[in-house]
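Student: what's the 3D shape of this:
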Amino acid sequence: MNRRWTIVAIVVVLLILVLPMPVAERYTSPTQDGQYLGDPIRSYRFVFAAATVSPSSALNTSGEALTRAKSLFSGTEYRPNKVELLFLGGADSYEYLTQSSVTLFVPSPGTFIWEVWGLTPGEPDDARTDVIALLDYRTGELLDSVQ
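Tutor: So this is what the prediction gives:
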């Protein structure tokens, strides 16, 4: 019986140590792929931040963020089609170079921001999407965009 509890304890400890890494990888933007597997402390920070985020934030879900993005870009030729969560965890600033060589910059981001992915003017519907804007998770404010 002691051996069984030892094995259970080892499995539980391993899960506690390893589980935050794939969770963080799964729920954050592909532009952050690999950052959590190599940095378990960052993974724990993500899980803690996600668990303690305010439910009064403007854009708590990807659906809310995509709806906001579509509203912001209505009347333009930009076509948002997905959003991805970025965990910045206290970064002083955030800079992202899009595939079309436009630099998006946020001087003082919050813990989470949403990347808005979409098609730029003149792109066919089957074109590869790119980041076209950044939205604040807490306020829903447009932080920067390619337009």
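
Student: okay, the spatially most central residue of the chain: pLDDT?
Tutor: Among the residues of the chain, the one closest to the centroid is residue 85, at 1.7 Å (C-alpha atoms, centre = their mean). pLDDT, residue 85: 95.

Student: give the pairing partners of the helix or strand hosting it; include direction for each.
Tutor: Assigned by DSSP states H and E, residue 85 falls within strand 79-87. Partners of strand 79-87 in the sheet, by DSSP bridges, are strand 112-119 (antiparallel).

Student: what comes up buried for the helix or strand following the partner strand?
Tutor: Once strand 112-119 ends, the next helix or strand along the chain (criterion: DSSP H and E) is strand 130-136. Buried residues in strand 130-136, counting neighbours by 16 or more other C-beta atoms under 10 Å, are found at 130-136. To be clear about C-beta, it is placed using only N, CA and C from the backbone, and glycine gets the same treatment.

Student: try stretch 103-120
Tutor: Buried, per 16+ other C-beta under 10 Å, within stretch 103-120: 104, 106, 109-120.

Student: what of stretch 59-68?
Tutor: The neighbour-count check on stretch 59-68 (16+ other C-beta under 10 Å) flags 59, 64-66, 68 as buried.

Student: now do the helix or strand following the strand holding residue 85: which elements does it pack against?
Tutor: Using DSSP H and E, the helix or strand that follows strand 79-87 towards the C-terminus is strand 94-97. Strand 94-97 sits against strand 103-106, strand 130-136, with contacts defined as 3 or more C-beta pairs under 8 Å, 6 or more residues apart in numbering; DSSP states H and E.

Student: what residues does the first one touch?
Tutor: So the one you mean is strand 103-106. The contact list for strand 103-106 (C-beta atoms under 8 Å, 6 or more residues apart in numbering) reads 93-98, 113, 131, 133-134, 143-146.

Student: the strand holding residue 85 relative to strand 130-136, how many degrees between them?
Tutor: 60 degrees (axes from the mean of the first three to the mean of the last three C-alpha atoms, to 10 degrees).

Student: for strand 79-87, the distance to its chain's centre please.
Tutor: 7 Å (C-alpha atoms, centre = their mean, to the nearest Å).

Student: ok, now stretch 123-143?
Tutor: Using C-alpha atoms, centre = their mean, the offset of stretch 123-143 from its chain centre is 12 Å.
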